[in-house]
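In: Okay, here's the prediction I keep looking at, along with the sequence it came from:
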Amino acid sequence: MIRAGRLHVVRTLADIAVRQGIAVQTLLNSGRHLAEGFPAPLNAGRTRLYDGEQVDACLAGLPVPPLPVTDDDEDLLDRQEAAALRGMTAQRWDRRKLDPAVSEHVLLVGGVEHWPRRVVRDHTPTPRRHAGGGRPAGVGDQVPRDQLPALVAQLLDDDPALTAAGVTDRLGVHPDTAQDALTQCRAERMAEVMEQRGGTAAEAAAALGYPAGLIRRASVRAEAVLRSRRARSYLVAVAQVLHARGWMTTDSPPAVQYPEDDACVAVLVLDTPSAPAPALVWSERHGWRIAVSRRHPLGRGGAWLPPGPGVCHLATGTTPFPAVLVDALDSTDPLEGDQPPHPHRPRRRLVRV
């Protein structure tokens, strides 16, 4: 589990690889993360998460500090831990987590779903409602996605304690859609307060009248929104250079996205015939890579893909100079992964999709 107050130090294997200046596949092949003395992962799922302070100490040759052992209401439990706490199977928890009283508290950390201990422990299944509330079964969302943020903002103005279930009832959208829109709206407003007044996300939420029990996801997202605003000038500069190079028809900066609440990513579509690839993806944690699809540049879940055929990591660091990024892109064959093009073979172009 992720102990209370330690969310900010959680790391994935990809984060650890970046910290060591190597590709994640190199880390996996080396087995360093399996060596004796390396900190144990925080979870047992396929995507392993680690405590960053423990990893940093280990890599520096220092004693690995112990983690807290006392249970806290704000501990974050993954699927298996939540099921164990409730004394049920993981499959049964998969059904329980769909209840709005649980789903509005879910937090994605490194692509892994987590819930606060208090939510898992104290949850009582919501009684089934009679027909007439929310979105009818088999019917699509009743509000176009581009109109949803403004409508949710209006509802939040009227009711700071608004829940995802309330959005679903009033607007007729899927609970997941409602939760995402509500989290983003709260996060943007909290980030605005934090930017203007300083202070923590919790203090910003209190100033806005948001109940403490409904802001965990929004608090994490608000921190990411702040970081994305600081990165905007850099993304603007990159867009301008790519436009000047003739690979983008406009120099508009990309909109930052949050496939995980605690991470920012952005996509720059290279939409001219001379462009060497369909799109570029930027991650605040990992830097730049080529995307082979314009339609789905992030891939499933927005996970950072390891290098390989069709997946090229560009330049070094998370914010290389735009000119360095262009040089790296200009000298890389997307179909060859991170390997430079063969000196005696013509460079291949991707079919744009």
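Out: Nice, I can see it.
In: Can you list the low-confidence ranges for the stretch 201-350 of the chain?
Out: Scanning the stretch 201-350 of the chain for pLDDT under 70 picks out 301, 308-310, 333-350.
In: Output stretch 40-48 in PDB with nothing but the alpha carbons.
Out: Written as PDB, here are the backbone C-alpha positions of stretch 40-48 (Å, rounded to 0.1, in the frame of the first residue of the first chain):
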ATOM      1  CA  ALA A  40      10.500  -4.200  -2.000                       C
ATOM      2  CA  PRO A  41       7.700  -2.900  -4.200                       C
ATOM      3  CA  LEU A  42       4.700  -1.300  -2.500                       C
ATOM      4  CA  ASN A  43       2.200  -3.600  -4.300                       C
ATOM      5  CA  ALA A  44       2.000  -7.100  -5.800                       C
ATOM      6  CA  GLY A  45       0.300  -6.200  -9.100                       C
ATOM      7  CA  ARG A  46       1.700  -6.300 -12.600                       C
ATOM      8  CA  THR A  47       2.700  -2.700 -12.500                       C
ATOM      9  CA  ARG A  48       5.100  -2.400  -9.600                       C
END
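In: can you list contacts of it?
Out: 1-2, 10, 12-13, 33, 49-51, 78-81, 110-112 (CB atoms under 8 Å, 6 or more residues apart in numbering). Bear in mind the C-beta positions are built from the backbone N, C-alpha and C, glycine included.
In: Buried ones among those residues?
Out: Among these, the ones that count as buried by 16 or more other CB atoms under 10 Å are 1-2, 10, 12-13, 33, 49-51, 78-79, 81, 110-112.
In: could you point out which element follows the longest helix anywhere in the chain?
Out: When the chain is parsed with DSSP state H, its longest helix is helix 216-244. Scanning forward in sequence from helix 216-244 by DSSP states H and E, the next helix or strand is strand 256-260.
In: Put the alpha carbons of whatever helix or strand comes next after that next one into PDB.
Out: Note on strand 256-260: by DSSP H and E, the next helix or strand toward the C-terminus is strand 263-269. What follows is strand 263-269, C-alpha atoms only, in PDB (Å, rounded to 0.1, in the frame of the first residue of the first chain):
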ATOM      1  CA  ALA A 263       1.300  13.200 -14.200                       C
ATOM      2  CA  CYS A 264       1.100  15.700 -17.100                       C
ATOM      3  CA  VAL A 265       1.500  14.700 -20.800                       C
ATOM      4  CA  ALA A 266       1.000  16.600 -24.000                       C
ATOM      5  CA  VAL A 267       0.700  15.700 -27.700                       C
ATOM      6  CA  LEU A 268       2.000  17.700 -30.700                       C
ATOM      7  CA  VAL A 269       0.500  16.500 -33.900                       C
END
